[in-house]
Every structure is written in C-alpha cells, then in structure tokens.
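>>> Below: sequence and its predicted model.
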Amino acid sequence: MPFDLSLSYPQWQGSGRHVNLPRGAEAVAEVCGRFAPLVRVPLGDGDVDGETRHGVHRWEAIFTQFRSAQDILANSGARRVLTAGGDCAVDVAVIDYLKGVHPDLQVIWIDAHLDANTPATSPSGNFHGMPVSAILGRAPGPMRTLLGKPIDPARFHYVGIQVGDDGDWELQRELDLQRLDPNARIDGPAHIHFDLDALDPSEFPYVAYPDGKLRIDDAIALVSRIAREADLVGFTVTEFAPANDDEARAGSRVIERLCEAAVAPPPVI
C-alpha cells in the first residue's frame, strides 16, 4: 500500500564516517519523494567534532533534529511513513511515532551492525550505533522522557547482522534479540529499517561501513515478501554514502527498486 508521507531526515551527526552522508541523504530523499509527499527535517547545526553529552557525540544537533522530526510526524497524521536518512539513528523518532499509531508494531532491522550499544557501553559515542537500544527503552535520558512505550523485544528481529561491539552483544543476549526466521510469516503492522550497509559491497559499495553480505536481489525479495504478508506501515533507508554524483545515481537505482518493493509488491500467484 502507498505511504502517506516521505520524511527527509538528513542527519549525519550520529555517524563516525559522515563525510558522504549529506550527498546520500539528498539522493535518497529525491527517490522517496517519488512515492509520497516529501517533508524535510531541518538539518541541525553541529560541527565535525561537536560535543559529547549524555554519552552521545554531537548531542545537541541530534536532539534538535529528533524534536523536529517528532513535531513533523505528530502534525502529519500519517499512518504510513517512508523515511530517507541520514544515519541509522533517524529511525528512533520514526519508530516511536509509528508505535504510537500501531501499538502492535513489529520492527525488522536489516543491517550489517547490531546498533545496540547504549550511551554507557558505546566505545565511540556515535549515536548511529545506539538506535536499537533506544527503541527498546535504553535511550539517553532527555530523549527517553519524550518516547512512548518501547518496542517489545519479541516483536523486534534482525536481518543481515555481521558486526557488533561487546555492548551490542550484551544487550542482544540480555533481551534475547532474534534474527528473523526466513520461514516465519509476518502478520500485522510492520516497519522495516534498511541500512544499506547490509548489502554485499561487491554489489553495493556506496556505504561507509562495507560489512554486509546480503545480495541485492535477495534484499528486494525480502522487502517484497514482508510487504505482501504484513501491513508495511514504515520503511526507512539509511547510511547511503556515495563519494560522487555518479555513485549517487548508481545507488539510487537500487534504492528505487527497494522502495518499489515496499510500495507495490507483486501479487502472490
């Protein structure tokens, strides 16, 4: 089914390798804007070094953008949101909003990295390594007070994870976070977080952290299957980091195919 809103959320401050993210975020927004009306989260101020507060590097810019995204979403009335990131942490506000609209929301986290550090366990303070812990109730204090009920860990599933810090694996074990069973049917409202670094870099090299192993065709088939089986109310694309305009155009063709799979999956025969 179509999305009501495309949210351009170009935050780069959560990433430790941010140099090409602004170009990628603009390219993803251009693609997503073809599928639903586009609204832009203002890019927060924040220099390359920034400050660390509440265990998060460049905190002020990240928190300002988070509040802006919350306001846009709350005023939108949208029930289905397509999001163009930015770094992975843009999904904290989006998932929290969709959880408020769809209380039994499931989250499918497609990523090469667990993203489950907390402010206390992160070795870098980079917030794009913490969004999973945030949506599961471990967000930094000032952000936590503005979030609704956390996602039930049983309604959260990973796809494609390869890399994690000690803190990531600690939370994964504590909450028993599971990989998605490839044979499991997905019912009810669902949100897909798609970090492009989950893709095999031999096919999709336009990322800052090329650790993935997921083939493009397999990824598109998975998104299409979830869209057929579930009520896909959210789809977020993050961490596109093309080094130049040619790479932006090449990567955008893959992103368009992913969005097409999410919006208009082929019928089951």
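Here it is on my side, so go on.
>>> Just give me how far the lowest-mean-pLDDT helix or strand in the chain sits from the chain centre.
Between all helices and strands in the chain, the lowest mean by mean pLDDT, DSSP states H and E belongs to strand 52-53, at a mean of 92. How far strand 52-53 lies from its chain's middle: 22 Å, per CA atoms, centre = their mean, to the nearest Å.
>>> cool, stretch 52-61 as well?
Per CA atoms, centre = their mean, the centroid offset for stretch 52-61 relative to its chain is 19 Å.
>>> do the same with stretch 161-177
17 Å.
>>> One more: stretch 233-244?
8 Å.
>>> Ends of that stretch, what's the gap?
The first residue of stretch 233-244 is 32 Å away from its last residue (CA to CA, to the nearest Å).
>>> Check stretch 132-147 too.
So stretch 132-147: terminal residues 13 Å apart, CA to CA.
>>> Tell me which helix or strand comes right after the least confident helix or strand of the chain.
strand 56-57 (DSSP states H and E).
>>> got the residue ranges for the helices in the stretch 51-200 of the chain?
With DSSP state H, counting those that start in this stretch, the ranges of helices along the stretch 51-200 of the chain come out as 59-76, 91-101, 131-133, 141-144, 166-175.
>>> okay, the ones you listed in CSV with distance to Glu247 and mean neighbour count next?
Just so you know, the C-beta spots here come from the backbone N, C-alpha and C atoms, and that holds for glycine as well. Converted to CSV, the helices of the stretch 51-200 of the chain look like this (distance: least, CB to CB, whole Å; neighbours: other CB atoms under 10 Å):
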stretch, distance to Glu247, mean neighbour count
helix 59-76, 25, 19
helix 91-101, 23, 24
helix 131-133, 25, 29
helix 141-144, 33, 14
helix 166-175, 29, 16
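>>> any chance of these in JSON lines, plus distance to Val263 and mean pLDDT?
Below are these laid out as JSON lines (distance: least, CB to CB, whole Å; pLDDT from 0 to 100):
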{"stretch": "helix 59-76", "distance to Val263": "18", "mean pLDDT": "97"}
{"stretch": "helix 91-101", "distance to Val263": "16", "mean pLDDT": "98"}
{"stretch": "helix 131-133", "distance to Val263": "24", "mean pLDDT": "98"}
{"stretch": "helix 141-144", "distance to Val263": "30", "mean pLDDT": "96"}
{"stretch": "helix 166-175", "distance to Val263": "31", "mean pLDDT": "96"}
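>>> Nearest to Thr83, out of those?
helix 91-101 (5.1 Å; CB to CB).
>>> where's Gln178 relative to Val39, distance?
Relative to Val39, Gln178 is positioned 34 Å away (CB to CB, to the nearest Å).
>>> Those two: which has the busier surroundings?
Using other CB atoms under 10 Å as the criterion, Gln178 and Val39 rank with Val39 on top: 18 against 13.
>>> pretty sure the more buried one is touching Ser6, no?
Yes: taking CB atoms under 8 Å as the definition, Val39 is a contact partner of Ser6 at 7.2 Å.
>>> so where is this structure shaky, pLDDT-wise?
46-48, 264-269 (pLDDT under 70).
>>> now the strands for it?
5-9, 38-40, 52-53, 56-57, 81-85, 106-110, 156-159, 178-179, 189-195, 231-238 (DSSP state E).
>>> Given the third one, what are its sheet partners and their directions?
Spelled out, it's strand 52-53. Applying DSSP bridges, strand 52-53 is found paired with strand 56-57 (antiparallel).
>>> ok, residues contacting the strand it pairs with?
Here strand 56-57 makes contact (CB atoms under 8 Å, 6 or more residues apart in numbering) with Gln13, Gly50, Glu51, Ile62, Pro119, Ser124, Gly125, Asn126, Phe127, Met130, Pro140.
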